[in-house]
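Participant: From the sequence below, what's the structure:
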Amino acid sequence: MCETEANLKGKVAVVTGGSAGMGFEAAKNLAKRGAKVIIASRNETKLKAARDEIEEISGNNQIAYRMLDLGSLKSVRNFATDVMTSERRLDILVNTAGAIGLPDKLTEDGLNLIMQVNYFGTFLLTYLLLPLLKSSAPSRIINGSASAMYIGELEFDHWNDIGRYNLVTSVANCKLAVTLFSVELDRRVKGTGVTSNSFDPFIVRDTDLFNNIPSILRDISKTFVDILGLRREEVGKQIAYLAAAPELERVSGMHYKFCFKWINHWLVNDKDLTRRLWEASKEAVGITKEEDWEANVVK
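Facilitator: Numbering: from 1, shown residues only. Next up is the predicted model:
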C-alpha cells in the first residue's frame, strides 16, 4: 500500500525533526526520489551527520540543513524567513518534530513548553510557509499526530497552564490540536492546490522520543516499543508515500495510519471548535499584520 514509483526531481521538501528517527527516514526516502530536502532540528551536530548520511545513501547532493527550535518562536520565524528567501518553491512540508517528557514550564514566549514544541511551533511554521506552498502548488503538508489524540482535550483558557496536565494528557492535548489544525487548514486552503493531511506513525522503534522521561519509565517504554513498534524505516516510507504518491495529489483533510485513511477524531466535524482553535493559535503565537496572509488576501 505504501509503494510508489513517484519521482520528485525538481521538488523541494522541508522535514522537521529530520536529523533522527522517522523524520530522518522520511527525508532519506524523499532524497532518493530526487527532491531537494531541507532537514531541520535544533542540534547542528546531528543535522550535519544526518545530511552527510542522506547524501551518501541517496546519491543526492541537494540536501541542506537549517537550525530550528520549536521551543522558540524567534527560531521558527528565522527558519521560515530563511526558507522563504532562499527557496523559489516549496512543494512538501513534513512536520514530524516533537518531544515528550519536557519540563512543565513556560517558554520565553510565555507558552507552555510542551504545547509549544508539539503544536504552537508547528502551527507558526506552517502558517508562515503557506504563501510559498501556495505559489508552488500543487503542494502538500503532512502533520504528525498520534493515537493519544483520542483522549486529548482543548481548554483554550488553560492550555498554557503549568501543573495542570501529566505526561500523557499533555501529549494527548498537543496531538489533538495538531489533528484539528490540519483539518481547519484544509478548509482554509481549499482551491489553492495545497493539501493538508495528518498521520499516526503508531509506535516507532529507535527514536529519541523517550530521552526526556525518567529512566525507569523510559526502560519500560523502550521494551514495549521494541516488541510492538514499527521500524523507523517503515514509518519513513509511509510519510514519503503521503508526500509523493500521485494518487494523493488532491486528497486533503484526511488522517492516515499505515498508509490507509484512518478514523479521525470526532471533533474534526465541529467547525466552530476548529475555527476557534485556528484563531486562538494565531493569537498565541502572535501573528503580525505582515505575516497574516489571510488578512492580506485581495477579495
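Participant: Worst mean pLDDT across the helices and strands of the protein, which element?
Facilitator: helix 215-228 (a mean of 55; mean pLDDT, DSSP states H and E).
Participant: moving C-terminal of it, what's the next helix or strand?
Facilitator: Sequence-wise, the next helix or strand downstream of helix 215-228 (DSSP states H and E) is helix 232-244.
Participant: what's the next secondary structure element after that next one?
Facilitator: strand 255-257.
Participant: Show the subsequent helix or strand relative to that next one.
Facilitator: Counting by DSSP H and E, what follows strand 255-257 is strand 260-261.
Participant: Quick one: mean pLDDT over that following strand.
Facilitator: Mean pLDDT, strand 260-261: 94.
Participant: again, but for stretch 84-97
Facilitator: Confidence for stretch 84-97, expressed as mean pLDDT, is 97.
Participant: List the buried residues for that stretch?
Facilitator: In terms of neighbour count (16 or more other Cβ atoms under 10 Å), stretch 84-97 has its buried residues at 87, 90-97. For the C-beta atoms, the positions are set from N, CA and C on the backbone; glycine is no exception.
Participant: Touching, Ser147 and Asp200? I think so.
Facilitator: Yes - judged on Cβ atoms under 8 Å, Ser147 makes contact with Asp200 at a distance of 5.7 Å.
Participant: Show me which of these two is the more surrounded one.
Facilitator: Under the criterion of other Cβ atoms under 10 Å, the comparison of Ser147 against Asp200 puts Asp200 first, with 22 against 14.
Participant: Just give the closest residue to that one, not the sequence neighbours.
Facilitator: Closest residue to Asp200 apart from its sequence neighbours, by Cβ to Cβ, 6 or more residues apart in numbering: Lys257 at 4.3 Å.
Participant: how about low-confidence regions in the protein?
Facilitator: 1, 202-230, 297-299 (pLDDT under 70).
Participant: ranges for the helices of it?
Facilitator: Under the criterion DSSP state H, helices of the chain are mapped to 21-32, 44-58, 73-86, 113-115, 121-135, 167-188, 215-228, 232-244, 271-285.
Participant: Pick out the residue nearest the middle of this protein.
Facilitator: Asn95 (1.7 Å; Cα atoms, centre = their mean).
Participant: picking that back up, and the helices of the chain: which comes nearest Glu3?
Facilitator: Closest approach to Glu3 among these is made by helix 232-244 (7.6 Å; Cβ to Cβ).
Participant: and for that closest one, what are the contacting residues?
Facilitator: 1-4, 6, 8, 13, 21-30, 33, 92, 94, 96, 140, 142, 197, 199, 201-202, 204-207, 248, 256, 258-259 (Cβ atoms under 8 Å, 6 or more residues apart in numbering).
Participant: Mind checking which of those residues are buried?
Facilitator: Buried members of the contacts of helix 232-244, scored by 16+ other Cβ under 10 Å, are 2, 4, 6, 8, 13, 21-30, 33, 92, 94, 96, 140, 142, 197, 199, 201, 204-207, 248, 256, 259.
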